[in-house]
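K.L.:
Have a look; sequence and predicted model below, questions after that.
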Amino acid sequence: MNVNLLSLLTRIGPVFAAGASLLAAGSASAQPASVIFTCVNAKGQHLRSDRPIAECTDREQRILSREGTVLRIVPPTLTADERAAKEARDRQVAAEKVAQKEAERADKLLMQRYPNEAAHDKARSAALDRARDLLAESQARLTQLAAERKPLLTEAEFYPNKPLPPKLKQELDAVEAATEAQRILVVNQQAEIVRISALYDAELARLRRLWSGAVPGTLGPPASLQTAAAPVKSTAEK
């Protein structure tokens, strides 16, 4: 190869290399995107892009394949207030689903525990008997305290307009405190009998609907069984 030809090739080699690089870049940019975003903006214009379209963040965008198949629909981007409202709605829906499941479970347990009205009546009687026994204990204790208080009051009459001896005063105070405690217990136990009766009334009404074919979990929140069934400790000895 002569010297002139070699010199010419040396000068034009870099030019060919740069041209090849440009052709390769052009070919790569000409390749179609793997997905296409499309939307109709606020002006009614149909837009297309190979990435999410900023003008359509307030509306849905469709993601298409190169063949035009809809791959996914991107919902509008929510504002902070809209997002908070959506999250609140989602939490409410989730809570309602949990409540429905709990109601269904409770209804099934209720029907297992009380397969018929006779079984429910027996449980009601047992619960009321326990509460009435405790009420009777408190009433008997009040009678006993009244008997203990009577001689103390008689003795106190010997000290008109005078301070009572410490021992007598201490005994009277103790009887008065115990009497007040038992009076409070009587009121609470009477209220408990009313509460138990109301609870079993509500359960029976629900059970009758379930026995008649109502689907468990469709009747709203059930009354609690545990409160009525829980044992109550005697406080008559206080």
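P.N.:
Sure thing, it's come through.
K.L.:
Can you list the helices and strands that the longest helix anywhere in the chain packs against?
P.N.:
For the chain, the helix reaching the highest residue count under DSSP state H is reported as helix 166-211. Helix 166-211 makes packing contacts with helix 80-113, helix 117-156, helix 226-229 when contacts are defined by 3 or more CB pairs under 8 Å, 6 or more residues apart in numbering; DSSP states H and E. The C-beta positions use only the backbone N, C-alpha and C, and glycine is treated the same way.
K.L.:
Turn these into TSV, columns for mean pLDDT, distance to Ala181 and mean neighbour count.
P.N.:
Output for these, formatted as TSV (pLDDT from 0 to 100; distance: least, CB to CB, whole Å; neighbours: other CB atoms under 10 Å):
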stretch	mean pLDDT	distance to Ala181	mean neighbour count
helix 80-113	92	35	12
helix 117-156	96	9	15
helix 226-229	40	23	14
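K.L.:
got a markdown table for these, with distance to Tyr200 too?
P.N.:
As requested, the helices and strands packed on helix 166-211 are arranged in a markdown table below (distance: least, CB to CB, whole Å):
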| stretch | distance to Tyr200 |
| --- | --- |
| helix 80-113 | 12 |
| helix 117-156 | 4 |
| helix 226-229 | 7 |
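K.L.:
among those helices, which is nearest Leu47?
P.N.:
Proximity to Leu47 (CB to CB) singles out helix 80-113 among those, at 22.7 Å.
K.L.:
so that closest one versus helix 117-156, what angle?
P.N.:
Relative orientation of helix 80-113 with respect to helix 117-156: 100 degrees, computed using axes from the mean of the first three to the mean of the last three CA atoms, to 10 degrees.
K.L.:
Find the nearest non-adjacent residue to Glu148, please.
P.N.:
Closest residue to Glu148 apart from its sequence neighbours, by CB to CB, 6 or more residues apart in numbering: Val175 at 5.4 Å.
K.L.:
Just the pLDDT for that neighbour.
P.N.:
At Val175, the model reports a pLDDT of 96.
K.L.:
Report how many residues lie close to it.
P.N.:
The local packing count at Val175 equals 19, with neighbours defined by other CB atoms under 10 Å.
K.L.:
okay but it is in contact with Ala147, surely?
P.N.:
No: no contact is recorded between Val175 and Ala147 when judged using CB atoms under 8 Å, the distance being 9.9 Å.
K.L.:
Could you pull up phi and psi at Ile63?
P.N.:
Per-residue torsions, Ile63: phi -100, psi 120 (degrees, to the nearest 10).
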